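Chemist: next comes the sequence, and after it the predicted model I'd like to discuss.
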Amino acid sequence: MSVWLPTAPCRPETCLGERAPEVSHPRRVLRLTACLLAVLAGVLLSLPVRLLPYGARDQLIRLWARVLLRTLGVTVHLGTPGTPGTPGTPRVPGSAGAGGGSAVGADGALVVANHVSWLDIPLLAAGRPGRSLAKTEVRKWPVLGHLVAWGGTVFLDRDRLRTLPDTVSAVTEVLRSGHPVIVFPEGSTWCGRESGRFRPALFQAAVEAGAFVQPVTIRYRLADGRPTSAPAFIGDDGLLTSLARVVAVRGLVADVTFLPPIPPPGPQPTRAGARRELARAAQAAVEGIR
């Protein structure tokens, strides 16, 4: 999924050339069926879930995201630097339950991660749910498009960049309301072997709201530890093509590392300088782990 830039420059023939171990065709059909049921359940429950208190809603979203990923055959390891990734909710510094952290970093944080696949969104929701920023094309995806729209996704039209200031304002308001927003500042999906520069535009929302930035690193590998680009959503990939490739993989593991939050910058000569500082700091943190 892209935010506002064209498809990533990774070459599919290079990134997707390796053969990952595969499960049988009946197992793939079983996974697809279970995935469809999980998505339909999410659609049916999306409206009543929105009526729940914030904490209860987050717990149910985490549970649903983990169930969805499990139906796809993805093992999720959530962790923080220096701790082994284990399934569960990460104890993010500055988050509720971490103990002794800042409450500011707990709620209205701009959550930024490297972008490899459409799987990145449920992965982050499994650890720290929040409103996402997505391209307008996602709204047209069958079933899933309605689900993410009901979830309060902020949409951005990549072909009408003059709407970007309005999008930044919308993200700013969400952050000020005390809710996290998930963005992928590379602007495009990358295969995982290569990465893009963090674009500073959306960091302006954190500057305006005085919000923390929560960097997150996402890595995909096989059960034996070998990195894999099978989940990469690049080139001319369609959602169904990518989905078929994901459910075929045996032993797909996603490592999601929540890094220490970055506080809002101090006084800057310009707001542009402040957002560029945040973008550089977040990218350095993510690349340091990758």
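Modeler: Received it, and whenever you're ready, just let me know what you need. Numbering: from 1, shown residues only.

Chemist: point out where the stretch 1-150 of the chain drops to low pLDDT.
Modeler: In the predicted model, the stretch 1-150 of the chain carries pLDDT under 70 at residues 1-18, 82-107, 136-150.

Chemist: which residue packs closest to Leu32, ignoring adjacent ones?
Modeler: Val247 (5.7 Å; Cβ to Cβ, 6 or more residues apart in numbering). For every residue, glycine as well, the C-beta is placed using N, CA and C.

Chemist: is that neighbour in a helix, a strand, or coil?
Modeler: Following DSSP: H, G, I helix; E, B strand; the rest coil, the label given to Val247 is helix.

Chemist: I'd like the distance between it and Pro265.
Modeler: From Val247 across to Pro265, the span is 43 Å (Cβ to Cβ, to the nearest Å).

Chemist: look at the two and report which has more neighbours.
Modeler: The neighbour count for Val247 versus Pro265, taken as other Cβ atoms under 10 Å, is higher for Val247 (22 against 19).

Chemist: let me see the contact set for the more buried one.
Modeler: When contacts are counted by Cβ atoms under 8 Å, 6 or more residues apart in numbering, Val247 touches Val23, Arg28, Arg31, Leu32, Cys35, Leu72, Gly73.

Chemist: and the last one, how many residues sit next to it?
Modeler: Other residues near Gly73 number 20, with proximity taken as other Cβ under 10 Å.

Chemist: test my guess that it contacts Val23.
Modeler: Yes - at 7.0 Å, Gly73 and Val23 qualify as touching, with contact defined as Cβ atoms under 8 Å.

Chemist: now for those two: what residues contact both?
Modeler: Joint contacts of Gly73 and Val23 (Cβ under 8 Å, 6+ apart) are Arg31, Val247, Val249, Arg250.

Chemist: can you put those residues in a markdown table and add distance to Glu287?
Modeler: Listed next are the shared contacts of Gly73 and Val23 as a markdown table, based on distance: Cβ to Cβ, whole Å:
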| residue | distance to Glu287 |
| --- | --- |
| Arg31 | 32 |
| Val247 | 30 |
| Val249 | 25 |
| Arg250 | 29 |
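
Chemist: what's the ChimeraX syntax to select whichever of those are buried?
Modeler: Applied in ChimeraX, the following selects the buried portion of these according to 16 or more other Cβ atoms under 10 Å:
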select :31,247,249
